[in-house]
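Asker: Predicted model follows, preceded by the sequence.
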Amino acid sequence: MSLAVDQVERELARLWEDEAKKSGTARVELLTLVALVSEPGLLQRAQGVITEVVRKVPSRTIVAVWKDGPRPAITAEVALHKAPGGAACGDAITLEAIGDAREWLPGNADRLALSDLPVCIWWVGDLPDHDDLFDRMVLNADVVIVNSQEMDLRDLEKLASIATRGGGRYAIADLAWARLRWVQDLVARFFDDEQARAHLAGLQRIEIDFSPRDGEKDATSTLCGLLFGWLAHVLKLPTEAPRWRRDETWAEVTLGEVVTRFEQRPQEGVRSGGLVRLSLVCNEARFELRRMEDPQAFHWSREAPDLQALAQVFRVLSLDEPTLLLRCLERPKRDPLLERSLDVAQRIVRSVAPRLSSLPPA
């Protein structure tokens, strides 16, 4: 049943009263999670993710969707989230904005957010260009969550800008960044000892293979661009004047004396943009992380005359979206390394990421 927004609180109070009479469940909610669904086809997925998350973190959720229409209006639907045992574990609010009423979503989401509790904004899908809805929504947020793997390479610049403009008022979290933590851990293991670290002075080449999406036009995937931003930051590569050259299925960028090559390498079972191989080539050493035929198995190796290290195989389970979202909610603090990596990545790729995801307004 569709309601006016000003009827939402009254209806929720009635639902909780009925729930208390039936099961005696106490009303406990720890935060407000607002999901902005950028495309109608993502709505069902977003609702499924939220259902799993709220069962572990009782919350008020607001799912906002929008569509074209001649008369601007916002309507709401309300229900209670239910845990597997049948107990209520949060408020479920869905807002549908018609036409120009999309502009009213920030104010209405603020009105419906639980007072004195954290507010988390989750943008679901790709960021449209020439659109300020996301920028307006984050103004009163405590945590801002995105998945850069679903975005275009050019969106790294907007994410970096949002992180900078926040000025510490909110933390920005990225599901793709959470996916990269195991890569960062295994890369760090290359250089656990002093002999291995000494080879970094002779770094000549970085090779990154990724699984492209259909009709890939970007120089690399957004996830691998962010990974390279982290590498360039921790390796202290000069990023002031990146020099690019590219072809249809590969691109190379030179930073100082180091050449990095991104190459499309489709592999069954690897999501679009996912890492297939990472190799650091030095004067007398090679450090490599390579996905095997089993897409969840990775071959880790380092080769140099003075290094005694056996190659290893690691099995890395792919985390589902609810788990990634929970990890972001469990760490509601600013992540300076993510912010710095975003900034470095967007400066490197800016000149080769001109593609727009939408046309500018008339």
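Answerer: Happy to help now that I have it.

Asker: Going by C-alpha atoms from here, please, whenever you check contacts or count neighbours.
Answerer: OK.

Asker: how deep is residue 218 tucked in, by neighbour count?
Answerer: Residue 218: 21 surrounding residues under other Cα atoms under 10 Å.

Asker: oh sorry, the question was meant for residue 57
Answerer: Residue 57 has 18 neighbouring residues, counting by other Cα under 10 Å.

Asker: Report pLDDT for it.
Answerer: Predicted confidence (pLDDT) for residue 57: 94.

Asker: Same check on residue 70?
Answerer: As predicted, residue 70 sits at a pLDDT of 87.

Asker: Please apply the same query to the one 4 residues further on.
Answerer: Residue 74 carries a pLDDT score of 95 in this model.

Asker: what bridges to it?
Answerer: Judged by DSSP bridges, the bridge partners of residue 74 are residue 97.

Asker: what number of residues lie near it?
Answerer: Using other Cα under 10 Å, residue 74 has 22 neighbouring residues.

Asker: just the helices in this structure please.
Answerer: Under the criterion DSSP state H, helices of the chain are mapped to 8-23, 43-54, 105-112, 133-137, 155-166, 175-179, 181-190, 194-198, 222-234, 321-330, 336-349.

Asker: Buried residues, stretch 271-289. List them.
Answerer: 271-282, 285-289 (16 or more other Cα atoms under 10 Å).

Asker: quick one: residue 98 and residue 350, what's the gap?
Answerer: Distance, residue 98 to residue 350, using Cα to Cα, to the nearest Å: 34 Å.

Asker: quick one: residue 73 and residue 98 touch, right?
Answerer: Yes: contact criterion Cα atoms under 8 Å: residue 73 and residue 98 qualify, at 5.2 Å.

Asker: Between those two, which has more neighbouring residues?
Answerer: Neighbour comparison, residue 73 and residue 98: the larger count goes to residue 98, with 19 against 15 (by other Cα under 10 Å).

Asker: So, low pLDDT: which residues of the protein?
Answerer: 331-332, 355-362 (pLDDT under 70).

Asker: okay, which residue is most central for it?
Answerer: Taking Cα atoms, centre = their mean as the criterion, residue 147 is the residue nearest the geometric centre of the chain, at 2.2 Å.

Asker: Torsion angles phi and psi at it?
Answerer: phi -130, psi 90 (degrees, to the nearest 10).

Asker: my guess is residue 324 meets residue 178, correct?
Answerer: Yes: counting by Cα under 8 Å, residue 324 does reach residue 178; the two are 6.6 Å apart.

Asker: Domains of this protein: list them as residue ranges, please.
Answerer: 5-175, 179-318 (automatic domain parsing).

Asker: Adding distance to residue 346, write those domains out as a markdown table.
Answerer: Below are the domains of the chain laid out as a markdown table (distance: least, Cα to Cα, whole Å):
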| stretch | distance to residue 346 |
| --- | --- |
| domain 5-175 | 5 |
| domain 179-318 | 8 |
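
Asker: give the contact list for residue 158.
Answerer: Contact analysis of residue 158 by Cα atoms under 8 Å, 6 or more residues apart in numbering lists nothing.

Asker: quick one on the thing from earlier: the residue nearest to the centre of the chain touches residue 172, doesn't it?
Answerer: No: the criterion here is Cα under 8 Å, and residue 147 misses it with residue 172 at 10.8 Å.

Asker: got a list of what residue 222 touches?
Answerer: Counted by Cα under 8 Å, 6+ apart, residue 222 has contacts 148-153, 156, 273.

Asker: Of all pairs in these, which one is the farthest apart?
Answerer: Spatially, the most separated pair among these is 156 and 273, at 14.1 Å (Cα to Cα).

Asker: Just the C-alphas of stretch 81-91, formatted as PDB.
Answerer: What follows is stretch 81-91, C-alpha atoms only, in PDB (Å, rounded to 0.1, in the frame of the first residue of the first chain):
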ATOM      1  CA  HIS A  81      12.300  -6.700   8.200                       C
ATOM      2  CA  LYS A  82      12.100 -10.200   9.600                       C
ATOM      3  CA  ALA A  83      14.900 -12.400  10.900                       C
ATOM      4  CA  PRO A  84      14.900 -16.100   9.900                       C
ATOM      5  CA  GLY A  85      13.200 -17.000  13.200                       C
ATOM      6  CA  GLY A  86      10.400 -14.600  12.400                       C
ATOM      7  CA  ALA A  87      11.300 -11.800  14.700                       C
ATOM      8  CA  ALA A  88      11.300  -8.200  13.400                       C
ATOM      9  CA  CYS A  89      14.700  -6.600  13.100                       C
ATOM     10  CA  GLY A  90      14.200  -3.300  11.400                       C
ATOM     11  CA  ASP A  91      12.000  -0.900   9.400                       C
END
